[in-house]
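Peer 1: quick check, what structure comes out for this input:
(chains A and B)
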Amino acid sequence: MREKAISKLLTDEYSERILVATQVQPKSVQEISDKFDIPIAACYRKIHELEGAGFLRCAEIVTTPKGKTMKLYSSLLKSAHLVYEAGVFRVMFEIDGEKDINGKWIELNAAHTA
Amino acid sequence: MGFESVENDGFDGGVSEADMSPLQASQLLTDEYSAKILLATYKRRISAQEISQRYGIPIAACYRKIRTLEEAGLIQCVDRILTQKGKRKNLYTSNLRNAYIFFEGGRLRARFQLATGVVKDFGGDWNGMDLLRQ
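Peer 2: Model (predicted):
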């Protein structure tokens, strides 16, 4: 289920750092890896996961002075709220360009029914 | 999606609640097994064996997660009953009443409200509570 995967991605150490890193300015994988201390391979892997989940998008493709092309990523996830009350988990997201999810509470699962 | 399974056993090292980061605190709730255990023990007394069977959690992982949650104070052992075979069985119940995990403005915060009335905050100030009254 997508919402569950999303809340889990959010609380993954590297994913959280990547989302924070790309919140304001688009950044390259190399830059995120260096500045936020994420091993480069893991960084690429997580970025692909986040991109697939619709949290990140490639904002720009630049060419380095050496002639290499480099993708710059920026975060689409503006906010996320996960609430557990009276034995029920709910989540609410604000994601750029996803009108059908934004601002709605989505129930994940409740006690004794899972 | 492919990332449901692996990863994220990061908080198993028995970190005491006082020095948990908001991230570690949130992981107690977003980890699949931990979330199931919290639901299984909500207003109920239940053994590790029973949780494992009903919620499809491997028994070893179940014991391990229960310990982590117990150390964090989110569940507690309320009784040790004797089974018919003469074995001791711990019964657990959830101490967690409400929990809030907010990711906003590039920051993660967590708040736990326990049955005892104790409120635990991770990751700084809490004035975003208005949202919850919607």
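Peer 1: sketch out the helices for chain A, chain order is fine.
Peer 2: A:2-10, A:13-21, A:29-35, A:40-52 (DSSP state H).
Peer 1: which of these sits closest to residue B:45?
Peer 2: Nearest of the helices of chain A to residue B:45, taken as Cβ to Cβ: helix A:2-10 at 26.6 Å. Yep, even glycine has a C-beta here, placed from its N, CA and C like the rest.
Peer 1: show me what that closest one is packed against.
Peer 2: Under the contact definition 3 or more Cβ pairs under 8 Å, 6 or more residues apart in numbering or on different chains; DSSP states H and E, helix A:2-10 sits against helix A:13-21, strand A:77-85, strand A:88-95, strand A:106-110, helix B:22-30.
Peer 1: starting at the chain centroid, how far to that helix?
Peer 2: Distance of helix A:2-10 from its chain centroid, counting by Cα atoms, centre = their mean, to the nearest Å, is 9 Å.
Peer 1: ok, back up a step: could you export the helices of chain A to CSV, including columns for mean pLDDT?
Peer 2: Formatted as CSV, the helices of chain A follow (pLDDT from 0 to 100):
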stretch, mean pLDDT
helix A:2-10, 72
helix A:13-21, 89
helix A:29-35, 94
helix A:40-52, 93
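Peer 1: between these, which one is nearest to residue A:93?
Peer 2: Here helix A:2-10 is closest among those (Cβ to Cβ), at 6.9 Å.
Peer 1: picking that back up, figure out which of the helices and strands packed on helix A:2-10 is closest to residue B:54.
Peer 2: The minimum distance between residue B:54 and the helices and strands packed on helix A:2-10 falls on strand A:106-110, with 13.3 Å, by Cβ to Cβ.
Peer 1: for the most centrally placed residue in chain A, which non-adjacent residue is closest in space?
Peer 2: What sits nearest the mean C-alpha location of chain A, by Cα atoms, centre = their mean, is residue A:55, with 4.1 Å. Spatially, and ignoring its direct neighbours in sequence, residue A:55 is nearest to residue A:77 (4.6 Å; Cβ to Cβ, 6 or more residues apart in numbering or on different chains).
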